[in-house]
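>>> Turn this into a model:
(chains A, B, C, D, E and F)
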Protein chains: 6
Amino acid sequence: MSDKIVCFGEILLRLSPPNHLKIFKSKTFEAHYGGAEANVGASLSLMGCDVKVVTALPQNELGAAAESEMLSYGMKANSIKQGERIGIYYFEQGASERPGRVIYDRNSSSFSMLKKGMIDWKTIFKDAKWFHWSGITPALSQDLADVCEEALIIASEMGLIISADLNFRPTLWNYGKKANEVMPNLIQYCDVLLGGIDDSENCLGIKTTEKESFEDVYTKWQKQHPKLKTIVSTLRYDANASSNTIGAVLWSNSKLYKSTEYKISHIIDRIGAGDAFMAGLIYGLINWSEDPKKTVEYALAASCLKHSIAGDINLASADDIKALMNGSTGGRVIR
Amino acid sequence: MSDKIVCFGEILLRLSPPNHLKIFKSKTFEAHYGGAEANVGASLSLMGCDVKVVTALPQNELGAAAESEMLSYGMKANSIKQGERIGIYYFEQGASERPGRVIYDRNSSSFSMLKKGMIDWKTIFKDAKWFHWSGITPALSQDLADVCEEALIIASEMGLIISADLNFRPTLWNYGKKANEVMPNLIQYCDVLLGGIDDSENCLGIKTTEKESFEDVYTKWQKQHPKLKTIVSTLRYDANASSNTIGAVLWSNSKLYKSTEYKISHIIDRIGAGDAFMAGLIYGLINWSEDPKKTVEYALAASCLKHSIAGDINLASADDIKALMNGSTGGRVIR
Amino acid sequence: MSDKIVCFGEILLRLSPPNHLKIFKSKTFEAHYGGAEANVGASLSLMGCDVKVVTALPQNELGAAAESEMLSYGMKANSIKQGERIGIYYFEQGASERPGRVIYDRNSSSFSMLKKGMIDWKTIFKDAKWFHWSGITPALSQDLADVCEEALIIASEMGLIISADLNFRPTLWNYGKKANEVMPNLIQYCDVLLGGIDDSENCLGIKTTEKESFEDVYTKWQKQHPKLKTIVSTLRYDANASSNTIGAVLWSNSKLYKSTEYKISHIIDRIGAGDAFMAGLIYGLINWSEDPKKTVEYALAASCLKHSIAGDINLASADDIKALMNGSTGGRVIR
Amino acid sequence: MSDKIVCFGEILLRLSPPNHLKIFKSKTFEAHYGGAEANVGASLSLMGCDVKVVTALPQNELGAAAESEMLSYGMKANSIKQGERIGIYYFEQGASERPGRVIYDRNSSSFSMLKKGMIDWKTIFKDAKWFHWSGITPALSQDLADVCEEALIIASEMGLIISADLNFRPTLWNYGKKANEVMPNLIQYCDVLLGGIDDSENCLGIKTTEKESFEDVYTKWQKQHPKLKTIVSTLRYDANASSNTIGAVLWSNSKLYKSTEYKISHIIDRIGAGDAFMAGLIYGLINWSEDPKKTVEYALAASCLKHSIAGDINLASADDIKALMNGSTGGRVIR
Amino acid sequence: MSDKIVCFGEILLRLSPPNHLKIFKSKTFEAHYGGAEANVGASLSLMGCDVKVVTALPQNELGAAAESEMLSYGMKANSIKQGERIGIYYFEQGASERPGRVIYDRNSSSFSMLKKGMIDWKTIFKDAKWFHWSGITPALSQDLADVCEEALIIASEMGLIISADLNFRPTLWNYGKKANEVMPNLIQYCDVLLGGIDDSENCLGIKTTEKESFEDVYTKWQKQHPKLKTIVSTLRYDANASSNTIGAVLWSNSKLYKSTEYKISHIIDRIGAGDAFMAGLIYGLINWSEDPKKTVEYALAASCLKHSIAGDINLASADDIKALMNGSTGGRVIR
Amino acid sequence: MSDKIVCFGEILLRLSPPNHLKIFKSKTFEAHYGGAEANVGASLSLMGCDVKVVTALPQNELGAAAESEMLSYGMKANSIKQGERIGIYYFEQGASERPGRVIYDRNSSSFSMLKKGMIDWKTIFKDAKWFHWSGITPALSQDLADVCEEALIIASEMGLIISADLNFRPTLWNYGKKANEVMPNLIQYCDVLLGGIDDSENCLGIKTTEKESFEDVYTKWQKQHPKLKTIVSTLRYDANASSNTIGAVLWSNSKLYKSTEYKISHIIDRIGAGDAFMAGLIYGLINWSEDPKKTVEYALAASCLKHSIAGDINLASADDIKALMNGSTGGRVIR
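Below is the predicted model of the structure:
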């Protein structure tokens, strides 16, 4: 597949105690580099797509390590070198009734200092077909919200398909604006959106009642943002930190497609499960645009496999995902 | 909370193969320092209580390491330095149908050489409100049974609340006396007791029939030991080495309070789950003396979380425990 | 038990990423040495039997390490030193819906170069009572199929009981013959066979219909190979890579014995589960020849415990296995 | 020794790749908690002194871990809980010709937000005899320089002996003032100073010529800061990242005492070697005030041993240090 | 630097026991991917050059991992996907008097199956300025010797500068030809050659006497192969497995330039030290063609630093190397 | 070599912090199984000798692990199963000026409970040629001294060659007798002795003066114990915990043979260096009885290599040792 996909977002150093240890007593941290949008890109690259990630990183060994990691997935990387620190998040894996825990330490990172005019979007989008971003970026600063808008305007003008993951993290919206004051202006450019009913008021400013179904809510969203063609959400039930039942819905052309469900009995690492879903969705929309049901099944199977893979990034190949989609439950060793 | 709690017991070096390996082929051991009573103290300290652990340790690097570990939980440590060895137990984690296995190697330890008159209980109990011990100590030697009695008499005289965990380990009672020849004399000083129906004959010398309920049995116990105000027991069902359903009962004022149950689907480390329960119980009795139901729920939630934490000691904070008590099932990452 | 058991097969270096990592991103591999037939031998040796493994290994540090590992289980080793490489297989542990994956790299190994006449079977079988081999060996080359036949003829002449595990691995049969062109000639010497209904056509060339039961199929096998006295199969249901329900059947004297079932909720390592079953079967047939039900229960309990043990080899003792057989579900720590 | 020593400074999370790996390719970091002044305190505590460390930490798991680590050395900790992040430094161990490398990421840490009036110095200094600080703290902000002055004034008034390590790190002085505009005002309160000839202009604003000896330079320092009684410096020769020759000088009462030298052939971890020296110096000045030669020998032996110990903190006991001082070269195993 | 450099050679999986363990008792192997020519390319890429590595790899997870690793250094990779196995070498680190040990297991690898016509050299060399290969490739098979010749003819025609490392490994030349029957035909295309006096007869078929100096020998080489402009050799003295003194000579325009020497006191990993030298040499020849002395110093400093870095590949940047060249001995931590 | 060698002694579990950590802060221990006499046997077995180790171990997983380890070296093991604990020693690796440290915890071990009559020496010594023991065993108890005597009398009667390592550990002689009250009675049976001048008074009760040379002292020893044919000692100079110069002397037939010396620049693990020497000595005496100089060189080279190998046991092969003896200094990688 030769269509170029551009992902824009921050790449963080993730520090996690090994073996389900708590931060309090851990003497080592495992290091992973990732970020919501880069995770989507890396997964698409491993599925065979031509992907470029756009970000900013410090000019030091940590920045070099993060970029090297991105390259290792076969992506290209366009990293503005500025600032002095890579953003960090500490992730303490949960287990059974003990929830996982993320502590962000990403203020003043190189990425957070991006401003309008720093990135040459026209060159970056040349020959590209798809642009992906997420709601984490405009949460970080007014400047980054402006950079998002700048990118979205140019991407729209150049005819790219645009997807976004709402990724609503209330603790990140700290610069004085609420998500629903900023996001609607950005969502108007999007063709594809990942968001659940809970996000409706928080991110789009559209109130919902308990009675409203996904169809009802997504219809309202589409009315407010008529460019939206595909809206999706993942679902979790019966969840503790080690096992989950997951499903998904995809709304397209006023129709809702419900996926099958997976009972994930043993979670290795749930970080990036939404990003894996997003990557599967983009892959499906590019390859099977006529078959929304197949697309949502592929996206969910991708997300399901991510739960079995350490780190932020889904290492499953398109073949692995299709095998699960087609009924391989993992019960046999492949020889 | 400024009430001082004193815990008395042995601190052992625990040696466990990593990653569920068996001792037979393991080339490394993970080292933890803990002991039934110190585990209770450490957990209470992490919940914010003012705790002192009283023990004996050798004057060498192992003794120093054990004491350092105790200090790291915010406890004070009163360690008599004598003897030449720290007691050891090897713990092989089980998995699924393979049971966990403990091999004790604690004979001739520094703690096992304690004798009456060595510990200045009056100074130790000054300003203290609570004294906690367990049935492991009098199991080790006649001398240690005598030290327990010595401590209990002084603690009683000084008006401390006294709690005990029966902790019946048949393989430890090797000096010629049976538990039920020694324990009743010590239990008479206790206000709070952790023990199940199985312990009735073994530890208190009170026979039970299969028909007798917790109410029946605990009523008999209270009759024999009228100082007892609160008696508790944990319950396990459907257990294999990796998953358990747990519950608890608390008997107080002739009433039995039954906890909710937790299905723990993935056990990280079950050692110290009873000690975590005991710590939760003491915390509850101090804070919500009027609300036995809340207390047993808190104690069980503490024990439940311990199953998700490596090592002997429950690292969960009071807030973590309350969150579980209030319905957080661990299914969401806290960000 | 002083009866000598001889196992013949390749010993491979297994390279596995730790902690469920994928090969793609793993920077370390755990090294285990094992092989289908040696695994059977090692397990029997740990149960107290007198076992010798016959194999070929290179005269280098890897060959020495493999032999040392075999000795460490108390087996004797008869290793022809030839060739330049030890066979390898990479094993990526699966998790939940992600299947485990084996990549073989065993061509041109020392073992694969064995030819008729190289092994002094008469000396090896002296005083031996039992000979065990598997369908992996004749899959590797015509020469190895010939060596198998050579061994089987001599073993038969010398009166040994002969067992085989069909171990059908389609990707290994690469030298121009199909399994069912080679295996029937070898199976005719066997008293004991491990194989499922799926193997009937593939290995014995006997077609089956969906309606045929184990009794039906095994009756046909026995008709074709009248020396067969005991035929067994393991069963798996509801399986993903982390949990399985397992059972087994044993057919003997025209009667089928069905085992109880185990729901293995947390798999540590499933490699060698069939070999553990085979070892349990041989142990049972030697010790309780009159009690096929007990034998199949013991074999299945052995296999169940193997799932909880890292590496290729079942480290459970006969006592451990009997405890599970007798109802210990692993829910209590043995102290 | 019951004299209380107070140390004031930041406690950082140190992240180091294991096994001499470079950050660029390391997938794990070892975590240590330490800081120049806390390292001095921890070492003194392990030598048997009564030490309290004063600092600020965030109210999260990282802050709790840092405090727990401090307690584990037997120190008391007085941590103001504020802000959101613990300061970090990445430390890449060097080897042979490859230098070690520190990347600071400590801006906006909890400690860096301290301001005058936040710390109750009078209570902290009650019953204390010694106050130790270092030049790192006033390098971080004007506010912290003011806090230092505040502490120094009160400590002086309350009659504490005051020691400082100049610890000149040019990359940290970023708030618009040079070290020699700030430090002299603070040094005037000090009795004991650790600093080399290179620091003279940088920190005290006193120019030196190449011809001037330690005696010459220190005499000038003492003239400018008449309260100074003891001035010391460590010396390094023939150094690469794995081996060093170290020595030291101590100037007291207008006399210079030169230590013996150690050829450290294998460096395990050189971070904190200066802090270990400082701790040894304070210990010596308290215990052997009449014997400056013994004091500088003890301080250097302490520093020498620190090079053999992983992490920031010198774990050597006073006995270990005295043994080296008395000629034990490490060549024999102590049994 | 925008000049494109092409490196051609095999990429192997290296399996090394950690912590200086011997293979015999090691239960884990560290995995590195590298190869003589790819190591040169990776190092040049980290210095900022535009590099492509040409190789062949299997279409499986090991091949993907090897390619991912190459991409992580910023190189492009042109991997023919064929065959079934990645070549392996086991490397046991030596220590002090115990030598390091390499066991090759690379027969039948994907790379070893390359044949003339499989690689599109014209496209690969488009816009390229430099081609690097080594004597390991023609050692593996006649086919690979032919592929080398094919590449060399096209590279020559297209005007690329050509460099080679003789890399004489006697144990690899197994297909019936001696090195000096094959290599001269290939060396004739080279501008730059890395080889020592010992290689003269073995690789070029030119006998030498003990009296002959580097000048004498290299003059003969240049006479036989008049295209040669630069010939270099590294030197080792006083070597054990943990420490070495290294130097180098560079012969250019009939003049011999001798480098300074480094006493490497603590070797972390010596594999790839020659490749690091080669990369430094190419970098120097491109950047300072007029300054052979500077070039040889840079190349040796690069090689020196490689000894301090784990794995096959020199992770030192051009700045790191220049710092050593300019006298930084590693004795100070860079902050 | 088919001559059977019998070694008698305790096998201990050694617990060592990894990576030069101190026990005080180590959270893991590496586990090795070994003991002075078993180390000698294992090394001889790896050199190709037929060795049996005689010991006592508990009937638990630790005892099984220790025995398995012995078997893995190709030795036979004759372990009396009794008692409840395996002896332990903690070993903290030193570094540079920090000495290594052994903490023994071996009282009440299975081995320490051996008594006369428990071991069937006649059967064990059948067909054996050599018996090796060391001074550690009679240090542990009067009973063990008696068992040694029992074994020595029978070995003498059966014509075995007898060797002993004095292995004087003052801290082990705790049962009321001094070494020189017990050892002379046992040494009288020995043909070969390893001991230095310092041991003369301590172990043999023979006073020496500073002026006396090895010849002088050994002549006295031989006079007191006329059966002694070969007496040896190792020598250490310029030692710190990381580097040593070692040498050796061998006295035979009134002649002293001095070995060459090795400067071991990087020690990996010095435990067992004397045992490695002893094994080399026995190997030499068996193979080159006519060449004492060759024997002492081989023994020293063996000991030298042991310093580069982790654990108690010398894994070097006879070929490795001969290579060093013949001048290979470890400076070149063997390919």
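
>>> What is the burial count for residue A:68?
With neighbours defined by other C-beta atoms under 10 Å in any protein chain shown, the count for residue A:68 comes to 19. Backbone N, C-alpha and C define where each C-beta goes, glycine included.

>>> That one contacts residue E:70, doesn't it?
No: in this structure, residue A:68 sits apart from residue E:70 without contact. The criterion is C-beta atoms under 8 Å, and the distance is 11.2 Å.

>>> quick one: residue A:256 and residue A:250, what's the gap?
7 Å (C-beta to C-beta, to the nearest Å).

>>> Residues in contact with both of those two, list them for me.
With contacts defined as C-beta atoms under 8 Å, 6 or more residues apart in numbering or on different chains, no residue is shared by residue A:256 and residue A:250.

>>> more neighbours, these two?
Neighbour count, other C-beta under 10 Å: between residue A:256 and residue A:250, residue A:250 has more, with 27 against 16.

>>> Could you tell me which residues of the stretch 1-150 of chain A lie near chain C?
If contacts are counted using C-beta under 8 Å from any C-beta of the partner chain, the residues of the stretch 1-150 of chain A sitting beside chain C are A:18, A:19.

>>> who in the stretch 1-150 of chain A is up against chain E?
Remark: the part of the stretch 1-150 of chain A in contact with chain E comprises A:68, A:69, A:71, A:72, A:73, A:74, using C-beta under 8 Å from any C-beta.

>>> In the stretch 101-250 of chain A, which residue sits nearest chain D?
In the stretch 101-250 of chain A, no residue comes nearer to chain D than residue A:105, which is 4.9 Å away by C-beta to the nearest C-beta.

>>> bridging residues for the spatially closest residue to that residue that is not a sequence neighbour?
Sequence neighbours aside, residue A:88 is the residue nearest to residue A:105 in space, at 4.3 Å (criterion: C-beta to C-beta, 6 or more residues apart in numbering or on different chains). Beta-bridge partners recorded for residue A:88 (DSSP bridges): residue A:13, residue A:105.

>>> which residues touch residue A:88?
When the contact criterion is C-beta under 8 Å, 6+ apart, the partners of residue A:88 are A:12, A:13, A:14, A:15, A:104, A:105, A:106, D:88.

>>> can you redo those as TSV with distance to residue A:95 and pLDDT?
Output for the contacts of residue A:88, formatted as TSV (distance: C-beta to C-beta, whole Å; pLDDT from 0 to 100):
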residue	distance to residue A:95	pLDDT
A:12	23	98
A:13	23	98
A:14	18	98
A:15	18	98
A:104	22	98
A:105	23	98
A:106	25	97
D:88	26	98
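
>>> residues making contact with the helix or strand residue A:154 falls within?
Applying DSSP states H and E as the criterion places residue A:154 in helix A:142-157. Among residues not part of helix A:142-157, those counted as contacts by C-beta under 8 Å, 6+ apart are A:6, A:8, A:111-119, A:121-122, A:125, A:131, A:133, A:137-138, A:162, A:175-177, A:182, A:185-186, A:189-190.

>>> Now with 6 Å, please.
Helix A:142-157 has contacts (C-beta atoms under 6 Å, 6 or more residues apart in numbering or on different chains) with A:114-116, A:121, A:125, A:131, A:133, A:137-138, A:162, A:175, A:182, A:186, A:189.

>>> so where's the stretch 201-335 of chain A shaky on pLDDT?
Low-confidence regions of the stretch 201-335 of chain A, defined by pLDDT under 70, are absent; no residue qualifies.

>>> What sits closest to the closest residue to chain F within the stretch 201-335 of chain A if chain neighbours are left out?
Closest approach of the stretch 201-335 of chain A to chain F (C-beta to the nearest C-beta) occurs at residue A:310, with a separation of 21.0 Å. Spatial nearest neighbour of residue A:310, excluding adjacent residues (C-beta to C-beta, 6+ apart): residue A:269 at 4.8 Å.

>>> separation between the residue of the stretch 1-150 of chain A found nearest chain E and residue A:130?
Of the stretch 1-150 of chain A, the residue with the smallest distance to chain E, taken as C-beta to the nearest C-beta, is residue A:72 at 3.8 Å. Here residue A:72 is placed at a distance of 22 Å from residue A:130 (C-beta to C-beta).

>>> a helix runs through residue A:119, doesn't it?
No: in this structure, residue A:119 is coil, not part of a helix, as judged by DSSP: H, G, I helix; E, B strand; the rest coil.

>>> Surely residue A:182 is in a helix?
Yes: counting by three-state DSSP, residue A:182 is part of a helix.

>>> Could you tell me how many residues sit around it?
22.

>>> Run through the residues that contact it.
A:138, A:145.

>>> go on, the one 4 residues further on?
Contacts were defined as C-beta under 6 Å, 6+ apart; by that measure residue A:186 touches A:148, A:152.

>>> any idea of the pLDDT on it?
Per-residue pLDDT puts residue A:186 at 98.

>>> What does it show for phi and psi?
With angles defined as degrees, to the nearest 10, residue A:186 sits at phi -90, psi -30.
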